[in-house]
Structure formats: structure tokens, C-alpha cells
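A.B. asks: Task: produce atomic coordinates for the following.
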Amino acid sequence: MLIDEILARRMVMPAHDAELWTFMARANGRNLRNLSDDALQARLNGIDRNIQYLDSGTTPRDDLRAERGWLSPWWWLRIRHWTVLEFEHRGLRPGPTPELPAMPALAPGFNGVVAGGQKRLVRISAKVWLLELLHRGRLRFAPAASYRDVALGAARTDEEMSKAYRRPGQVLQITGPRGEVITPIGDVEFTTSRSIERNGVLIEVPYWLCSFSSDLDPRLFSEFPSGHADGDACLVIFDPMEFVRRALPHLNRAAPTATKKLFPTVYFDPYHHSGERLSPIVAKEMPYAYQREMRFALDPEGGSPLAGGDALFVEIGSIEDIAAVYSPFGTKLAGTGPDSFLA
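C.D. replies: Residues are numbered from 1 along each chain as shown. Predicted coordinates:
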């Protein structure tokens, strides 16, 4: 559904409280004041993009209050309202935001938890690699720091070793060692890093991850192209708990001292954040929310690095009885389950 249609539906609902949101913005100050005009428009574009991915004007999450975070549609409508208010402060009109293709109708059983369905794990990648995962259970856990590589593309590249929220320097007072007042220039970042201090030097504490999505969204094929000559596909794991049960013995042998966790990523707005400590392993900035990421993480917690610091490959055996590989057009290529993910 187009953004204007979603907004038209939402604005007549009782939970869309523009008056309250405006009052909150005035009380909190102009958190976006130091963004350039281009950055402000990019922020609005990102918000509208996520709304189009996550909202259709009515969702199973409509009763979640905005305070519950990114899973609430009202959280998105509220930060959008605050962003538009900054345009008004500057006497600017927002430009048109990019429109997304409509979400195709999925066959029964393919809706994930964000869409009000069942627990699923979905991974989009090169077809040949996903068939290896299906037939042999070959999992690749990448060092989190490797995602700094811009060659991975906009959907994959991120700083996974630290997370930060920002406050306008104008609302802060910084005092120097002799009591002098220092006036910040621009925003001030408050960062949580995966690092420890040794002899006065900060050393990163690495972890490894293998990423999935909680929901199948065929529009994500365009976000995650592999560039492989054989083309792309998606893997759908219909029984995530059985998948984890089978994986754990093999992971315990390959990384015996690392903690193993499968969990949903928590997305946050760096300009409207409560100030609690952000976990780099769990949190991501809101532009990535459309991915609805589920992370399978291995954390040595400062112990010996896995695979000598490189990617760790672990084979857990065939998962053909609990998963299937599908083409971008919905056709099942191998595995169990329906012949197509499309209705």
C-alpha cells in the first residue's frame, strides 16, 4: 500500500494523536535541529520506506502503544510526525518519498510473527548457498566487524560493534577538567561499544552472527542481491526451534565456550531515544527495521576468537524435512512445504 493511503487510514484512528505528539516534541526540544536539510529528507524517506514495509493501514500490532517501540505502527507514525514538525520549523515542505511495490499475497502458513503469523526463519541469498544449507545444513557465521565493508551493499553494511544515540549539542552542557564550559558543535553521540580497555587501549570484543528474517517478504529480494551467476533464492525454515535444537550440538563442538542465542533485533531511533544502554549485539538503527532480522549469534564473550577471527562454517546435517528453498517467483526448488509461497 502506498504511503499516502496508509497515512490516510491511520490519521482517522483514535491512536493517531497529533496534538499529544506535538506537545511531546515541544517539551523535548528540537532533537533533529542539527540535521542538514538533505539528511532530514533522507530520514523521512527511511521512515516512510519502513512504514510501507511494515504497515498496511491495519496490522495485528495495532493495539501496541508507541512506547512499545518499533513493532507498534504508532511508534512509526509518531517519529514521522516529529520529523515533519522539523520541516515546519524550517519553513520547508517535505519532498515526495519513494514508493514501494505492493506486498504480494502469501500462501497460508508463510506469514511470520510480525505479520501476525507463526514463527519462521527466512534467509535470502545465492541459490547455490541456500541449497547447501538445506541439504547439508551448512551455516556461515560472519564476524560482526566484517559488516563494516561497504562492498556488502546498503542493506547489509552497518557498524555492528557499537551503537549510539544522539542529542543536540545545544541542549547539553559539557564541563572541562578546569571547570570551563565547552560548547558542543553539532550533535553529541553517546556510544556503547563491544570493547575492553587494556593498558590504556580499547580492544574490540568480537562476536559472530548468522542473520535471518522473521517474515517472508518477496520485496526483499531486491534489497539483498548476491550477484551470483546462478541467481538468488530464499530459504524458509518452518520449525525454527527444531532447527536450533539440531544446530546446538554441532555449535557446541565448534565453539564450546561461546554463548549461543537466536533472538529478534530491536530497532531504535537514534534521535528520540530514552537513553538506556544500547546493546551492539541486539540493537540496530531504525532504517534497517524493514528487514525484521532474527540473529543467530555466537559470543565468545572475550574468549578465544572463533575460526581464527574469520567466518565460521558449521554443518548440522540436512534440514530438508523442516525447510524449503524457493525461487524469487515463489516456486519451490527443494525441501518440504507448499509448492509456492504465493497465494
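
A.B. asks: which SSE is the nearest residue to L100 once chain neighbours are set aside in?
C.D. replies: Leaving aside its sequence neighbours, L100 sits nearest to Q52 (CB to CB, 6 or more residues apart in numbering; 4.4 Å). C-beta: built from backbone N, CA, C; applies to glycine. Element membership for Q52 (DSSP states H and E) is helix 37-54.

A.B. asks: What residues sit buried inside the very next helix or strand once past that helix?
C.D. replies: Per DSSP H and E, the first helix or strand lying C-terminal to helix 37-54 is helix 73-89. If you call a residue buried by 16 or more other CB atoms under 10 Å, then helix 73-89 has these buried ones: 73-87.

A.B. asks: which other residues reach helix 73-89?
C.D. replies: Residues from elsewhere that reach helix 73-89 (CB atoms under 8 Å, 6 or more residues apart in numbering): 7, 10, 15-16, 18, 21-22, 24-25, 30-33, 35, 40, 43-44, 47-48, 50-51, 54-55, 59, 61-62, 64-70, 93-94, 269, 272, 286.

A.B. asks: next one: whichever helix or strand comes after it to chain centre, how far?
C.D. replies: Using DSSP H and E, the helix or strand that follows helix 73-89 in sequence is strand 121-126. Computed by CA atoms, centre = their mean, to the nearest Å, the separation of strand 121-126 from the middle of its chain amounts to 15 Å.

A.B. asks: what about the closest residue to P305 other than its chain neighbours, how many neighbours?
C.D. replies: Computed as CB to CB, 6+ apart, the closest residue to P305 that is not its neighbour in sequence is P206, at 5.9 Å. Around P206 there are 19 other residues, counting by other CB atoms under 10 Å.

A.B. asks: Could I get the phi/psi values of P206?
C.D. replies: phi -80, psi 160 (degrees, to the nearest 10).

A.B. asks: just the one 4 residues further on next, same as before
C.D. replies: C210 has phi and psi values of phi -130, psi 120 when expressed as degrees, to the nearest 10.

A.B. asks: For it, grab the count of nearby residues.
C.D. replies: 20.

A.B. asks: Who are the contact partners of it?
C.D. replies: Contacts for C210 (CB under 8 Å, 6+ apart) come out as 139-142, 295-296.

A.B. asks: and with 10 Å instead?
C.D. replies: Contact analysis of C210 by CB atoms under 10 Å, 6 or more residues apart in numbering lists 123, 133, 139-142, 247, 262, 294-298, 311-312, 314.

A.B. asks: Can you say which of these are buried?
C.D. replies: Buried members of the contacts of C210, counted by 16+ other CB under 10 Å: 123, 133, 139, 141-142, 247, 262, 294-298, 312, 314.

A.B. asks: ok, now how distant is G330 from H135?
C.D. replies: From G330 over to H135 the distance is 21 Å, taken as CB to CB, to the nearest Å.

A.B. asks: for L7, same thing?
C.D. replies: Distance, L7 to H135, using CB to CB: 45 Å.

A.B. asks: before we move on, what about L35?
C.D. replies: In this view, L35 and H135 are 48 Å apart by CB to CB.

A.B. asks: likewise V201?
C.D. replies: According to CB to CB, V201 stands 45 Å off from H135.
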